[in-house]
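>>> can you look at this prediction? I've put the sequence above it.
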Amino acid sequence: MTEGVIPTTYEQSESTSAIDGNRPWYRRLVARVPTVLLLAAMWVTLWGDPSPGTILAGIMVGTLCYSVAKLPHFPVRLGFSPFYATKLAGKIGLDLLLSSTRVAFHVLWRPARVRGAIVAVPMRTNSDFLLAMVSGSMSLITGSLVIELNREQGVIYVHGFPAASEAEADRLRNQIAHTEELLVRAFGTRSDIAELEARTPAAAERTEEGTA
């Protein structure tokens, strides 16, 4: 299903950079707004405090990063689905609450039986931007730590805590896969979503191979 996806495309190349230099200042400013807002949203998410001060600081940091970093000249294509973006925000909030409660329970009442595990989960998207978002989202969850994101093999390795049984390891794998799906459907293009749906069976086979 690709309904509700709002194309949001901003591209930059060597040829378009020269053209941008001849554009009025206000058009160049408007072209930077999506990237600055995205960086500000990531800043607020990392701080976990959607207060006006944090939002303002995020906008300032995003503007500074955009100006200093000299973003590479390659096309960045995004989509936006308000429905799936809302589901994603709700899922991350719920995961934060449940994971914090789960970790606190095991540390306080079952410290001798706390175990962790490293799971390998194949990704179904080839978008570097979406892969980075999956990695960042999982790093926000209490008890989860991204060990490696293998771009060539398309596999993410995450250390989960607690994960003393195969059932808990499977829960972590499903959590990562669900987060990836919501991110792709919320911010991916139609081609990203089609790739996600096409590669789901293949991803399941690769999971079995990685855990064998």
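Looks like it came in fine.
>>> so where's this protein shaky on pLDDT?
Applying pLDDT under 70 to the chain flags the ranges 1-31, 70-77, 202-212.
>>> now the strands for it?
Chain-ordered strands for the chain, with DSSP state E as the definition, fall at 6-10, 76-80, 117-122, 144-150, 155-160.
>>> mean neighbour count and distance to Asp128 added to those, as JSON lines?
The way it works is simple: take the backbone N, C-alpha and C, and place the C-beta from them, glycine included. JSON lines is the format used below for the strands of the chain (neighbours: other Cβ atoms under 10 Å; distance: least, Cβ to Cβ, whole Å):
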{"stretch": "strand 6-10", "mean neighbour count": "11", "distance to Asp128": "15"}
{"stretch": "strand 76-80", "mean neighbour count": "18", "distance to Asp128": "9"}
{"stretch": "strand 117-122", "mean neighbour count": "20", "distance to Asp128": "16"}
{"stretch": "strand 144-150", "mean neighbour count": "15", "distance to Asp128": "10"}
{"stretch": "strand 155-160", "mean neighbour count": "20", "distance to Asp128": "13"}
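>>> and these as CSV, adding distance to Leu96?
Shown next, in CSV, are the strands of the chain (distance: least, Cβ to Cβ, whole Å):
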stretch, distance to Leu96
strand 6-10, 26
strand 76-80, 23
strand 117-122, 19
strand 144-150, 10
strand 155-160, 15
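>>> nearest to Ser99 among those would be which one?
With respect to Ser99, and counting by Cβ to Cβ, the nearest of the strands of the chain is strand 144-150 at 7.1 Å.
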